[in-house]
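J.: Sequence first, predicted model second:
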Amino acid sequence: AHVSLFMLEVKVIIANAIIAILTIGGQQLFSFFTFSCPCHVGQNLIYGLAFLGVPALILLIVGYALNNQTWRLVTGKRSPLQQEGTRNHLLQCKLTCFVLCSITGRALVAPVTWLAVTLINGSFYVCAVSEYVSTYYFGGNSNITASERRKILAAFPCSQLVPPELSRAKDEVILLLRYQSQVAGWLLIAVVVITVFLSYCLASCFSPLSFLHFRYWTKYVHNEQELFDEAMDQHSRLYAMQHVRKFFGFAPGSENVKEIRIPSLREW
Amino acid sequence: AHVSLFMLEVKVIIANAIIAILTIGGQQLFSFFTFSCPCHVGQNLIYGLAFLGVPALILLIVGYALNNQTWRLVTGKRSPLQQEGTRNHLLQCKLTCFVLCSITGRALVAPVTWLAVTLINGSFYVCAVSEYVSTYYFGGNSNITASERRKILAAFPCSQLVPPELSRAKDEVILLLRYQSQVAGWLLIAVVVITVFLSYCLASCFSPLSFLHFRYWTKYVHNEQELFDEAMDQHSRLYAMQHVRKFFGFAPGSENVKEIRIPSLREW
Amino acid sequence: AHVSLFMLEVKVIIANAIIAILTIGGQQLFSFFTFSCPCHVGQNLIYGLAFLGVPALILLIVGYALNNQTWRLVTGKRSPLQQEGTRNHLLQCKLTCFVLCSITGRALVAPVTWLAVTLINGSFYVCAVSEYVSTYYFGGNSNITASERRKILAAFPCSQLVPPELSRAKDEVILLLRYQSQVAGWLLIAVVVITVFLSYCLASCFSPLSFLHFRYWTKYVHNEQELFDEAMDQHSRLYAMQHVRKFFGFAPGSENVKEIRIPSLREW
């Protein structure tokens, strides 16, 4: 029993780790094969946001969709958990809120990993905001217009479009943007990890259940679901068997069949 | 039971994932080995659409054809599901509509993946619409006629046909078109994912069945089909056995045959 | 029992070794693929600290979170250990303190390894503090201003931004910083190892339990937890079985089911 509960927790951790690693791998493949910055004023930002935001959105929705709890919440009927204890309306609200937080937390693993990995990689961010870098990096020749300057800055992520005399300025701008992107990525990770840890701690502090009591209920809910599913399968099998027997006149799988019934054309 | 239902859901996810991965792989192989843009005014669009649309259409039709539910719907008889509950005409319409949506949803996985991957890859789109790029990208030498300009633009996807002085313009046009194609691909994916998720949510909200009840019926329908097939096989075997015994005077496979019957020439 | 206790100790050592090796590998991959110093005054230090500190913080928090004892302490109820012996308030404080130290010790393995490996590798430290190197290394031409000098020093970690006449000074500064970083890393390791060993020794000296007595209690706590978990599993299983039987009319897994109960729509 100790082992099986331990396995349950380990499974959750391994699942999250696999999600995170797949996200990292996908991001690397992705940015390498398909990302090519348009290097044009006004398009860079949209392009960068599309590559940054849409996969994160998809991962979030997939995370919600793959969680059984979501559908249990949406159909809004009594869950096995609710059969125990809570008859009060306030408690029901609290429980819904708790389940919602728990689902969201699970669903956020992949998109947050995606955002953090993308920011630490940096190439999407460099493309998206290169045209908004301040004038500070063009110290000497400020005789060009602002729109001209933005056009030059927008071309910096594409090496082949940058004239050789601006090569050093380009290097400095790209280093600056990578610095901003990577520090933002680390801050995101730090904030998320601290928030998650503190919210778990607070939830545990204000929980009416002690540690062992909580483990007992986790175990109970898990067992109830397992037994319920088993009984559901057996029940539906027996029920279907009755219907089939009524139709064909014998139960499938029985050895010595005395007589068979020929269903009329109408019945098909 | 828990395991088998879990396997059922996992099987659906894995099936969809395999379809998607095969589509992606096929698209990559395909665009690498067989796609070569004609680079000629008026042919590019037809060529690009042929490579974009025909595989999508084939995947859609194959998706419909491989689904058992399609044939059940087309033959228009009562399915085992309908034996339960629905006697009302309105309900029957609703059910048909629901099954149709479910089949279409399953059949659309492959073509939508194909379209999205093709747009994110970008090479088909670049070939198809390069001749329709606006004049903005020919700032300096606008002394050429419109048809001449279209001819030059149509040749941009083939590097070997572009004169060296237009090399920079070609780079910018291709970056622009890849940007349009990839953003369109991401928008397609985002719209599809959000639509699917919301429609599932709404369907669950207005469903008369709770989460567990729905799982019970899924399980029941699956069991009934399995038992029905088993009984059908046994029944048809017994029925055929009766006919053969009537003809030859003994049942095939029986050990001690007392007498055999010589069928008259007429009976053959 | 001797073997299993031995296994317990071996398991702890192997777990720590795996944590340490994963940390070392991750650090190497990490500094190779994603670390690129911004080489700009005022950004270097933040960047270096972000790469040095945030992973260490994450590893520390993860180390706390994965430890069952943390949650037992936070929920603040009686642990099985406390059921024995300690009714005194002072002793309870001491026990809490001891458990806290034990958790912290386990949680510190990964972050300390990360810090030590990062310092011995040296590239993060070189980037972070290169602008604070004293003026000693610009012996000849000290006619430049202090801010100018810091700007040049800040660019030293990026080879492509250093003018060729300062190449020798750059080499000397980088060798100096690597020396400082690596010596600091070894000192950190030495201090940690000695502290851990001495604290174990002191804890053993002032412990009221003899060596064999302590081993007995370790064994007892381990056995109690195992038996408690086993009983918990069986109890929750039986309790869930009662509920399921009430719902479906039979116990799942029973062979000869006389009659089944069709639950009403209300009950789902």
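T.: Looks like it came in fine. Numbering: from 1, shown residues only, chains lettered A, B, ... in the order given.
J.: Let me see the ranges of the helices in the stretch 151-268 of chain A.
T.: Assigned helices in the stretch 151-268 of chain A, in chain order: A:167-205, A:211-248 (criterion: DSSP state H, counting those that start in this stretch).
J.: Would you indicate which residues of stretch A:204-224 are buried?
T.: A:204, A:207, A:210-212, A:214-216, A:218-224 (16 or more other CB atoms under 10 Å in any protein chain shown). C-beta: built from backbone N, CA, C; applies to glycine.
J.: that older thread, among the helices of the stretch 151-268 of chain A, which is the most enclosed?
T.: Ranked by mean neighbour count, the helices of the stretch 151-268 of chain A are led by helix A:211-248 with a mean of 19 (mean count of other CB atoms under 10 Å in any protein chain shown).
J.: Could you tell me the angle between it and helix C:211-248?
T.: Angle of helix A:211-248 versus helix C:211-248, following axes from the mean of the first three to the mean of the last three CA atoms, to 10 degrees, is 30 degrees.
J.: now helix A:211-248: mean pLDDT?
T.: Averaged over helix A:211-248, pLDDT sits at 80.
J.: do stretch A:92-107 and chain C meet at all?
T.: No: contact of stretch A:92-107 with chain C (CB under 8 Å from any CB of the partner chain) is absent, the minimum separation being 12.9 Å.
J.: Just the C-alphas of that stretch, formatted as PDB.
T.: Once non-C-alpha atoms are left out, stretch A:92-107 reads as follows in PDB (Å, rounded to 0.1, in the frame of the first residue of the first chain):
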ATOM      1  CA  GLN A  92     -19.700  23.200  -2.100                       C
ATOM      2  CA  CYS A  93     -18.500  26.600  -3.400                       C
ATOM      3  CA  LYS A  94     -15.200  26.200  -1.600                       C
ATOM      4  CA  LEU A  95     -14.800  22.700  -3.000                       C
ATOM      5  CA  THR A  96     -15.500  23.800  -6.600                       C
ATOM      6  CA  CYS A  97     -13.000  26.600  -6.200                       C
ATOM      7  CA  PHE A  98     -10.400  24.200  -4.900                       C
ATOM      8  CA  VAL A  99     -11.000  21.700  -7.700                       C
ATOM      9  CA  LEU A 100     -10.800  24.600 -10.200                       C
ATOM     10  CA  CYS A 101      -7.400  25.700  -8.700                       C
ATOM     11  CA  SER A 102      -6.200  22.200  -8.800                       C
ATOM     12  CA  ILE A 103      -7.100  21.700 -12.500                       C
ATOM     13  CA  THR A 104      -5.700  25.100 -13.500                       C
ATOM     14  CA  GLY A 105      -2.400  24.300 -11.700                       C
ATOM     15  CA  ARG A 106      -2.100  21.000 -13.500                       C
ATOM     16  CA  ALA A 107      -3.000  22.600 -16.900                       C
END
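J.: and it, is it in reach of chain B?
T.: No: on the criterion CB under 8 Å from any CB, stretch A:92-107 is out of touch with chain B, staying 11.5 Å away.
J.: quick one: low-confidence parts of chain A?
T.: Along chain A, the model assigns pLDDT under 70 to residues A:1-10, A:76-88, A:135-143, A:208-209, A:251-261, A:263-268.
J.: Can you check what angle separates the helix or strand encompassing residue A:91 from helix A:167-205?
T.: Element membership for residue A:91 (DSSP states H and E) is helix A:89-121. Helix A:89-121 and helix A:167-205 are oriented at 160 degrees to each other (the same axes, to 10 degrees).
J.: follow-up on the earlier one: output the helices of the stretch 151-268 of chain A in CSV; the columns should cover distance to residue B:116.
T.: Listed next are these as CSV, based on distance: least, CB to CB, whole Å:
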stretch, distance to residue B:116
helix A:167-205, 27
helix A:211-248, 36
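J.: Residue C:101: which of those is closest?
T.: helix A:167-205 (18.5 Å; CB to CB).
J.: tell me what the closest one is packed against?
T.: helix A:89-121, helix A:123-129, helix C:44-65, helix C:68-75 (3 or more CB pairs under 8 Å, 6 or more residues apart in numbering or on different chains; DSSP states H and E).
J.: roughly how far is that helix from the heart of the chain?
T.: Relative to its parent chain, helix A:167-205 has a centroid offset of 19 Å by CA atoms, centre = their mean, to the nearest Å.
J.: Could you measure from the residue of the stretch 151-268 of chain A found nearest chain B over to residue A:226?
T.: In the stretch 151-268 of chain A, the residue that lies nearest chain B is residue A:233 (3.3 Å; CB to the nearest CB). Distance from residue A:233 to residue A:226, counting by CB to CB, to the nearest Å: 11 Å.
J.: ok, now residue A:154?
T.: 58 Å.
J.: and what of residue A:216?
T.: 16 Å.
J.: still on that earlier bit, okay but the residue of the stretch 151-268 of chain A closest to chain B is in contact with residue B:219, surely?
T.: Yes: applying CB atoms under 8 Å as the test, residue A:233 and residue B:219 come out as touching, 5.9 Å apart.
J.: ok so, going back, most neighbours per residue, which of the helices and strands packed on helix A:167-205?
T.: helix A:123-129 (a mean of 22).
J.: helices and strands around it, which ones?
T.: Helix A:123-129 sits against helix A:43-65, helix A:89-121, helix A:167-205, with contacts defined as 3+ CB pairs under 8 Å, 6+ apart.
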